[in-house]
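Asks: sequence below, structure please.
(chains A, B, C and D)
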Amino acid sequence: MSLWEYANPVRFLRLSAKAQPVLWVAAGLSLSLGLLWGFFGTPDDMRQGSTVKIIYLHVPAALMAINAWFMMLVASLIWLIRRHHVSALAAKAAAPVGLMMTLIALVTGAIWGQPMWGTWWAWDPRLTSFLILFLFYLGYIALWSAIDDPDTAADFTSVLCLVGSVFAVLSRYAVKFWNQGLHQGTSVPVATGGRTISDVFFYPLVLSMVGFGLLFIALVFLRTGTEIRQRRTRALLARARRGG
Amino acid sequence: MTLRVEDLAVARGGVPILSGLSFSLRPGTALALRGPNGAGKTTLLRTLAGLQPPLAGQIHGAGEAIAYAGHADGLKAMLSVTENLTFWADVFGTSDIAPAMDAYDLHGLADRPAGTLSAGQKRRLGLARLLVTGRAIWALDEPTVSLDTQARSLFADSLSAHLQRGGSAVVATHIDVGLTLEELDIARYRAAPDLRAGASDEAFL
Amino acid sequence: MKALLLRDLRLAVRAGGGFGLGLAFFLIVTVLVPFAVGPDPALLSRIAPGVLWLGALLACLLSLDRLLALDHEDGTLDLLATAPLPLEGALGIKAFAHWITTGLPLVAAAPVLGLMLNLSVSGYAVLVGALLLGTPALSTIGLFGAALTVGVRRGGLLLSLLVLPLYVPTLIFGAEAARRAATGQEAATPLLMLAGLTLATLALMPFASAAVLRMGLR
Amino acid sequence: MPELGKYAAEVLSAYAVSLLLLAVLIWMSLRRDRRAKAALRAAEEGRDA
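Replies: From the prediction side, this is the model:
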């Protein structure tokens, strides 16, 4: 049994129907637990006061905003190389979710920045990078909706995702070069395995990251299923027109 | 150069429209594609010209030997007739545009910007482009549209001269071009509605 | 190849070819800025490098939807795709022609407009150099955007949306170089980055654009 | 309710906006899915009929 089996839309829908209830329950539980724990069960930070509670939204959303794009990149590559329709549709399905995550990260960042940095918006490298990511999501979604033929749209958006990824990385360095920034360091540096925040904040944060991650997966499953059904409807109608 | 097509299937917008199509076209012969609107004549010609991949089957001997003339003539309104023709001659690596100008009686229009030509004159210029490509197989989509009787006979002369030189042509047309051509009724190759092979919708049915 | 370049250049300078369009837009943007921000020479001098880069970028963006759309409408792209020259080469040439007719005039006009914005003396050479290095990247990235939107109705706005984030690194390095030079700092690092960026887009974008166009033709 | 101090407005609005955005996203996804299912059902019945 290979993973590629699920590239078949029917098999994917069957898997999705089985997986989704579990995913939704798990996402709901971990997300509400993480956020409730973070909101009610953690102390205020010495310097940031109660605004530290915003990280339980801001950090997971930012993480998923990047991971969603990365997932779209992998899905686009799979479409371009192996031409599995489910892969292309999953990339399409993930884009609005990624867009929303980016928006949440930006909005919570701005709300947090107001009391902490004294400004709603600063052209800090990270904020700016997320703004650029936001534009990439918008362009990607707009390109999907602008092209009628679904396969051509999948081709074009996949190439855009590839090229966009290269430019997103470039922009990241360009923006860093351009402004050294006010933003705190990473809260959970993966590479070093260490952490820059204390345990009281860390565990609810991890729980809420898991929650956002599961929610993302559940949403992608749901939305990919929607896309597959729309494609199938389209195919059936096209066949009916030909007099099948 | 013989153009050989084996068991070809083509799709338009991801939907198969022709399948099981086979024919071969020897040098010096021309084939007229017949069939009602929407039968797939344009799609077939574009596939032969390499502008879209076939769903199934093989095409031998086309590639760099085929010159395509579609509904749009690829003319620039702001360039003169000579400039338009010279451009295509340069792109295809030939240099002499005089025979093409002769064949379609374009000398009187040589310095007119293509944008000021009538529809029929534009078409003549578009067809003259075929002569400067220096290619052996012509794929023509409705070549006689908007041509008057006189221009149509110019086209017939040019086509028969091309065939005499050992060239060949596939012509999609509703009307008699003034030559006797072999005919191929592509309506007979209409893809069965339940044909799935290679179509992009296949995975969803 | 040469034929295609000459044809594109000739088309651009003929009436209705849009040759002066980008240049006029550049002029308008630069002239309007002092009305918007006030005539203070010190302020204008400070923002001059950025305004000139932004004006050049927008002028370039404005002309992009003509890059492939016209050739698509009249069938030239189909015919070029069946022609003996590789599509990558043809597209590279078209981007080059776009640069000569749009980028180069902008580079030439920038010092004059710099005078009007009170650009400091030390800034001119690097501004022109940075524009010279950076505008080819704007044209080739634009080529990619044009290829993505070639068959799209009302593609102009979509084209801008797609190309805008792709332009960010070029704008940052180019404007940074000009700004540093104008304030008397060393500008070699951003210039080198800009040169690297331009070389990379020159090498990659024609291939990406040709791949996209081939996908779109079928 | 925990004591949020002088930043209560910021914290509460951040949570409110985020949860609202998530709710909108989920609601829109579910609505689109319902519509797609209905359209597919109609298309499939059309074929059988």
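Asks: elements contacting the host helix or strand of residue A:216?
Replies: Take DSSP states H and E as the rule and residue A:216 turns out to sit in helix A:199-241. Where contact means 3 or more C-beta pairs under 8 Å, 6 or more residues apart in numbering or on different chains; DSSP states H and E, helix A:199-241 is packed against helix A:9-41, helix A:55-82, helix A:85-117, helix D:8-48. Quick note: C-beta positions are derived from backbone N, CA and C, even for glycine.
Asks: now these as JSON lines including distance to chain B and mean pLDDT?
Replies: Converted to JSON lines, those look like this (distance: least, C-beta to the nearest C-beta, whole Å; pLDDT from 0 to 100):
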{"stretch": "helix A:9-41", "distance to chain B": "6", "mean pLDDT": "91"}
{"stretch": "helix A:55-82", "distance to chain B": "12", "mean pLDDT": "94"}
{"stretch": "helix A:85-117", "distance to chain B": "5", "mean pLDDT": "92"}
{"stretch": "helix D:8-48", "distance to chain B": "10", "mean pLDDT": "90"}
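Asks: got JSON lines for these, with mean neighbour count and distance to residue C:142 too?
Replies: Converted to JSON lines, the helices and strands packed on helix A:199-241 look like this (neighbours: other C-beta atoms under 10 Å in any protein chain shown; distance: least, C-beta to C-beta, whole Å):
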{"stretch": "helix A:9-41", "mean neighbour count": "16", "distance to residue C:142": "37"}
{"stretch": "helix A:55-82", "mean neighbour count": "21", "distance to residue C:142": "22"}
{"stretch": "helix A:85-117", "mean neighbour count": "23", "distance to residue C:142": "23"}
{"stretch": "helix D:8-48", "mean neighbour count": "15", "distance to residue C:142": "33"}
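Asks: now the ones you listed as JSON lines including distance to chain C?
Replies: Listed next are those as JSON lines, based on distance: least, C-beta to the nearest C-beta, whole Å:
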{"stretch": "helix A:9-41", "distance to chain C": "22"}
{"stretch": "helix A:55-82", "distance to chain C": "9"}
{"stretch": "helix A:85-117", "distance to chain C": "12"}
{"stretch": "helix D:8-48", "distance to chain C": "21"}
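Asks: now the longest helix along chain C: how far from the chain's centre is it?
Replies: Longest helix of chain C, by residue count under DSSP state H: helix C:188-217. Taking C-alpha atoms, centre = their mean, to the nearest Å, one finds helix C:188-217 lying 13 Å from the centre of the chain it belongs to.
Asks: next one: phi and psi at residue B:118?
Replies: Residue B:118 adopts backbone torsions of phi -80, psi 170, taken as degrees, to the nearest 10.
Asks: so how many other residues sit close to it?
Replies: Neighbourhood size, residue B:118 [other C-beta atoms under 10 Å in any protein chain shown]: 11.
Asks: over to the one 4 residues further on?
Replies: By other C-beta under 10 Å, the residues close to residue B:122 number 19.
Asks: go on, residue B:98?
Replies: When neighbours are defined as other C-beta under 10 Å, residue B:98 has 11 of them.
Asks: ok, now which ones touch residue 44?
Replies: Let's take chain A. A:50, A:52, D:5 (C-beta atoms under 8 Å, 6 or more residues apart in numbering or on different chains).
Asks: oops, wrong one, chain D.
Replies: residue A:236.
Asks: again, but for residue C:174
Replies: Listed by C-beta under 8 Å, 6+ apart, the contact partners of residue C:174 are C:53, C:130-131, C:133-134, C:190, C:194.
Asks: closest one to chain D out of the residues you listed, please.
Replies: Nearest to chain D, judged by C-beta to the nearest C-beta, of those is residue C:53 at 34.8 Å.
Asks: shaky segments in chain B?
Replies: Where chain B drops to pLDDT under 70, the residues are B:193-200.
Asks: and the residue nearest the centre of it, its phi and psi?
Replies: Per C-alpha atoms, centre = their mean, the C-alpha nearest to the average position across chain B is that of residue B:140, at 1.9 Å. Residue B:140 adopts backbone torsions of phi -110, psi 130, taken as degrees, to the nearest 10.
Asks: for residue B:146, same thing?
Replies: As for residue B:146, its main-chain torsions (degrees, to the nearest 10) stand at phi 60, psi 10.
Asks: equivalent analysis for residue B:97, please.
Replies: Note on residue B:97: backbone dihedrals following degrees, to the nearest 10 are phi -100, psi 0.
Asks: quickly check: the one helix or strand residue A:174 maps to near chain D or not.
Replies: Secondary structure from DSSP H and E places residue A:174 in helix A:150-178. No: using C-beta under 8 Å from any C-beta of the partner chain, helix A:150-178 stays clear of chain D, coming no nearer than 13.8 Å.
Asks: now the angle from that helix to helix A:85-117?
Replies: Orientation of helix A:150-178 against helix A:85-117 (axes from the mean of the first three to the mean of the last three C-alpha atoms, to 10 degrees) gives an angle of 30 degrees.
Asks: for residue B:103, find the nearest of the helices and strands packed on helix A:199-241.
Replies: helix A:55-82 (44.9 Å; C-beta to C-beta).
Asks: does the closest one reach chain D?
Replies: Yes: judged by C-beta under 8 Å from any C-beta, helix A:55-82 comes into contact with chain D through A:57-58, A:61.
Asks: which ones among the contacts of residue A:44 map onto helices?
Replies: Using DSSP H, the subset of these located in helices is empty.
Asks: just the buried subset of these, please.
Replies: Buried subset of these (neighbour count, 16 or more other C-beta atoms under 10 Å in any protein chain shown): A:50, A:52.
Asks: what's the closest non-adjacent residue to residue A:75?
Replies: Closest residue to residue A:75 apart from its sequence neighbours, by C-beta to C-beta, 6 or more residues apart in numbering or on different chains: residue A:91 at 3.8 Å.
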